[in-house]
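Engineer: with the sequence up front, the predicted model follows.
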Amino acid sequence: MSMRLPRGRRRSPLAWTTAVMMASLVVLALVGPLVWGAAADRPDPAAVLQGPSAHHPFGTDGLGRDLLARVLTATRPSLLFALAAVLLGAGPGVLLGACTAVLGRRGRRLTAGLINLLLAFPALLVAMFLAVVCGAGAAGAVLALAAAGVPGFARLAQTLAAGVAGTDHLASARVLGLRRHRLLWRHVLPHIAEPLLLSATTAAGTTLVALSGLSFLGLGVQPPGYDWGLLLSQGLDRIYADPLPALAPGLAVLYAALAFQLLGEVLAGSAARRPPAPPVPSPAPAPSGPAEEGLVLQVEDLGVELPTPDGTIRPVRGVSLSVRAGEAVGLVGESGSGKSLTALAVADLLPYGARVSRRTLRLLGADLAALTSRERDRHLATGLAMIFQNPASALNPTLRIGTQLTETVRAHRGASRAVAAAQAADALRRVALPPELLRARPHQLSGGQRQRVMIAAALMVRPGLIIADEPTTALDATVQRQITKLLTDIRRETSTAVLFVSHDIALVGEFCERVLVMYAGTVVEELPAGRLADGARHPYTRALVDSVPDLAADRGQPLRTIGGAPPDPLTPAPGCPFEPRCPHRRDGCAEQAPPLAELDAGHRVACWHPLPVAAVPERATAS
Ligand SMILES: Nc1ncnc2c1ncn2[C@@H]1O[C@H](COP(=O)(O)OP(=O)(O)OP(=O)(O)O)[C@@H](O)[C@H]1O
């Protein structure tokens with residue numbers, strides 16, 4: 001986390017003023033008691049309650065002690081007590097709020113309810129009540145203000161953590177099976193630390209004022225100790241005769257509070273904000289069907305339901321797929337066809353609120369539904385790796401590459417730091433990256449290098465299956481080829497299976513051995529990749545293949561697209577979902593959805609009237 005100011009800010013008058021004010025406070029807090037401490041405590045019966053003079057610029061108090069020395073000396077306790085109250089309040093508050101990003105659904109609800117309940121009590125009243133209960137004194141006042149600050153920090157941390165909860169790198173860390181406390185310390189707190197620190201800075205100013213207020217009311221620091229609040233209260237009796245003994249500590253409080261506010265303001269100008277979104281894994285009930293020999297992944301009748309503001313949608317319906325060891329299976333379809341949700345359902349990474357149904361869900365032979373949630377996490381962590389579309393967001397920007405590569409094997413396989421580092425260096429070499437990159441941070445790498453790092457991270461756990469969700473979409477064509485070649489080499493060398501999710505049917509055709517075509521949440525055709533170009537029998541698959549431009553295409557003509565739009569997931573029609581867009585539709589197609597029927601070995605299609613193999617397809621409407 002960097003708190004350095006941008007060049008412009010560092011030079012701005014506001015930044016300079018803030019720096020000078022903060023520096024003066026720090027210096028006074030450090031040297032004040034050493035330089036003026038003795039004078040501040042030395043009584044002088046001959047100079048009791050004197051007004052300002054050359055010898056005592058702010059006058060003296062009832063025991064003849066020099067008030068300037070006392071105000072300067074009070075800088076240290078005043079600041080220390082305020083900072084202690086902020087830290088003691090921020091610690092539990094931040095933990096309470098941030099843990100909502102890693103807790104299960106129930107835990108998150110309970111925590112959110114608790115935070116809401118705490119926020120219902122006015123902070124200042126709570127502070128005064130607790131100060132009375134704890135008894136007058138500095139410790140009681142600090143604890144009271146700390147307790148009153150907990151709900152505010154908790155709410156802020158909860159809101160910020162909700163933003164982190166939706167990020168790919170937290171999903172990556174989850175799929176690696178990291179325990180909750182690791183997720184919290186490594187993947188949530190570093191990302192929300194900056195705005196929290198800014199908020200704590202500002203809170204230090206308001207807490208200082210509140211603490212002075214408690215001392216002023218006699219509930220805070222007690223004599224013979226003193227802070228600015230107590231000095232203010234002692235000077236108030238004679239404010240009409242000698243205003244300075246009351247004004248000086250009051251101005252000191254104002255000065256310090258302003259310095260903290262400005263510091264927060266200046267730092268906030270350089271802080272980055274992150275967008276929020278709330279996802280978590282979802283449970284899956286009911287036992288799975290029988291295991292099939294040789295399958296790395298066996299999915300039967302998978303369905304996903306999602307609540308939306310307009311009603312519940314079923315973006316994945318009755319999807320069945322299987323992947324064998326070392327095989328590459330492509331999942332292809334237009335945007336919104338349900339590819340990613342299918343992949344996320346397998347990895348137990350669906351968004352919050354999603355409901356999963358399935359007849360069978362087996363990874364490496366194990367029925368995921370039959371495992372306890374801890375066993376399932378562990379099985380997924382060691383059996384499956386996920387590569388996301390955007391390697392920039394899938395890697396944690398605050399951690400070095402080495403840390404990100406090693407943390408899974410250290411957590412799951414108990415590898416020592418040295419062994420894990422050696423394995424990470426090997427993994428980097430296998431993806432053609434120099435081991436020196438272990439010390440680099442994600443921002444120092446190119447997009448292609450980051451995606452190689454993601455693949456290296458996947459290799460570290462030696463998974464049976466890699467799910468690659470649009471792994472090359474964010475990369476240029478050359479790097480795209482390098483990454484798919486790398487995945488092919490890894491697959492051949494290690495027999496790792498790959499489920500390759502992409503909207504690019506040409507790429508899937510090249511990379512995969514088998515292809516499943518999805519439309520409106522269902523699989524409409526499954527066929528060997530080699531038969532895509534001329535053997536596709538579903539009109540939708542044909543249209544997808546035909547929409548791929550080639551070098552021979554006439555550049556004067558518009559690119560071929562599929563006319564019409566996918567069906568509204570809120571109002572699914574009873575018949576074939578592609579019927580309204582299908583150039584080959586016939587009577588009856590709209591009445592009942594066709595089942596996924598086997599045409600010949602390895603080729604299944606969900607169409608009432610599959611296109612004949614030899615037919616020259618009627619091109620989909622150009623639009
Ligand atoms: N969290 C969510 N809440 C509501 N609807 C969602 C959510 N996530 C996805 N959907 C909807 O579910 C459908 C399928 O989404 P999914 O991401 O699986 O599609 P996709 O085929 O992977 O598309 P893309 O290639 O654009 O990612 C889409 O209509 C999408 O709008």
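Structural biologist: On my side now, so go ahead.
Engineer: gap between the residue of the stretch 351-500 of the chain found nearest the ligand and Ala171?
Structural biologist: Nearest residue of the stretch 351-500 of the chain to the ligand (C-beta to the nearest ligand atom) works out as Pro351 at 3.9 Å. Quick note: C-beta positions are derived from backbone N, CA and C, even for glycine. Distance, Pro351 to Ala171, by C-beta to C-beta, to the nearest Å: 10 Å.
Engineer: higher neighbour count, those two?
Structural biologist: Neighbour comparison, Pro351 and Ala171: the larger count goes to Ala171, with 22 against 18 (by other C-beta atoms under 10 Å).
Engineer: and the residue of the stretch 451-600 of the chain found nearest the ligand, what pLDDT?
Structural biologist: Taking C-beta to the nearest ligand atom, the ligand has its nearest neighbour within the stretch 451-600 of the chain at His503, 5.0 Å off. Note for His503: predicted pLDDT of 89.
Engineer: is it correct that it is in contact with Val332?
Structural biologist: Yes. Using C-beta atoms under 8 Å, His503 makes contact with Val332 at a distance of 6.7 Å.
Engineer: between these two, which one's more packed in?
Structural biologist: Between His503 and Val332, Val332 has the larger neighbour count (other C-beta under 10 Å), namely 26 against 17.
Engineer: quick one, what contacts the more buried one?
Structural biologist: Residues in contact with Val332, defined by C-beta atoms under 8 Å, 6 or more residues apart in numbering, are Lys339, Val501, Ser502, His503, Asp504, Ile505, Val508, Val515, Leu516, Val517, Met518, Leu544.
Engineer: test my guess that Arg76 contacts Val35.
Structural biologist: No. Contact criterion C-beta under 8 Å: Arg76 and Val35 do not qualify, at 11.4 Å.
Engineer: distance check, the residue at minimal distance from the centre of the chain against the ligand.
Structural biologist: Taking C-alpha atoms, centre = their mean, the centroid of the chain lies closest to Val164, which sits 1.9 Å from it. Here the criterion is C-beta to the nearest ligand atom, to the nearest Å. By it, Val164 lies 16 Å from the ligand.
Engineer: now do Ile239
Structural biologist: 62 Å.
Engineer: how about the helices in the stretch 301-450 of the chain?
Structural biologist: 339-346, 373-383, 391-394, 401-413, 417-430, 447-460 (DSSP state H, counting those that start in this stretch).
Engineer: which of those helices sits closest to Ala241?
Structural biologist: Taking C-beta to C-beta, helix 401-413 is the member of those nearest to Ala241, at 64.7 Å.
Engineer: for the closest one, what is the average pLDDT?
Structural biologist: What helix 401-413 shows for mean pLDDT is 81.
Engineer: what helices or strands is it leaning on?
Structural biologist: When contacts are defined as 3 or more C-beta pairs under 8 Å, 6 or more residues apart in numbering; DSSP states H and E, helix 401-413 sits against helix 373-383, helix 417-430, helix 447-460.
Engineer: winner for burial among those?
Structural biologist: Comparing the helices and strands packed on helix 401-413 by mean neighbour count (mean count of other C-beta atoms under 10 Å), helix 447-460 comes out on top with a mean of 24.
Engineer: tell me what that helix is packed against?
Structural biologist: For helix 447-460, the packing partners by 3+ C-beta pairs under 8 Å, 6+ apart come out as strand 384-387, helix 391-394, helix 401-413, helix 417-430, helix 477-494.
Engineer: still on that earlier bit, let me have the helices and strands packed on helix 401-413 in a markdown table, extended by mean pLDDT.
Structural biologist: Shown next, in a markdown table, are the helices and strands packed on helix 401-413 (pLDDT from 0 to 100):
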| stretch | mean pLDDT |
| --- | --- |
| helix 373-383 | 84 |
| helix 417-430 | 89 |
| helix 447-460 | 87 |
